[in-house]
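In: Okay, predicted coordinates and the sequence, questions at the end:
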Amino acid sequence: MALTAMDLVALAKQAIREIDSETAKNGLDTKIVLDVREPAEFAAGHLPKAVNIPRGVLEFKISNHPDFQNKEADIIVYCQSGGRSALATEALLKLGYANAVSMAGGFNVWQASGYPVSN
């Protein structure tokens, strides 16, 4: 039986660690924040200090980006609602980024919590 996109997200969430938006907010000054949404989504608003590498090109671009040379760095990954970030976090772990976590609920929960947004 073929898997759906949501099946893949559910499997990824079993293999990764998720944090809530408050924990993410408290880590903004000490962790790398990775936004895996598309550039237009990022331009419309993003977490402060976030780096944008879309999910579709993540595996190809991450190792060349200067912010991601240390595979032991703490990385908070987010997307719009948590699905793409779960898949991206799973990919990062497979690529050797040992301390990548996904922000549960994504940008939607961040905004609903009233946390700061950069444009």
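Out: Structure's in. What do you need?
In: Need phi/psi at the residue nearest to the spatial centre of the chain.
Out: Averaging the C-alpha coordinates of the chain gives a centre point, and the residue nearest to it by CA atoms, centre = their mean is Val77 (1.7 Å). Note on Val77: its backbone torsions stand at phi -110, psi 140 [degrees, to the nearest 10].
In: what's the answer for Ala15, then?
Out: Dihedral pair for Ala15: phi -100, psi -10, per degrees, to the nearest 10.
In: So it is in contact with Leu92, correct?
Out: No. At 11.3 Å, Ala15 does not count as touching Leu92 under the criterion of CB atoms under 8 Å. The C-beta positions use only the backbone N, C-alpha and C, and glycine is treated the same way.
In: between those two, who's got more neighbours?
Out: Residue environment comparison for Ala15 versus Leu92 gives the larger neighbour count to Leu92, 26 against 11, counting by other CB atoms under 10 Å.
In: Fine by me, we can end here.
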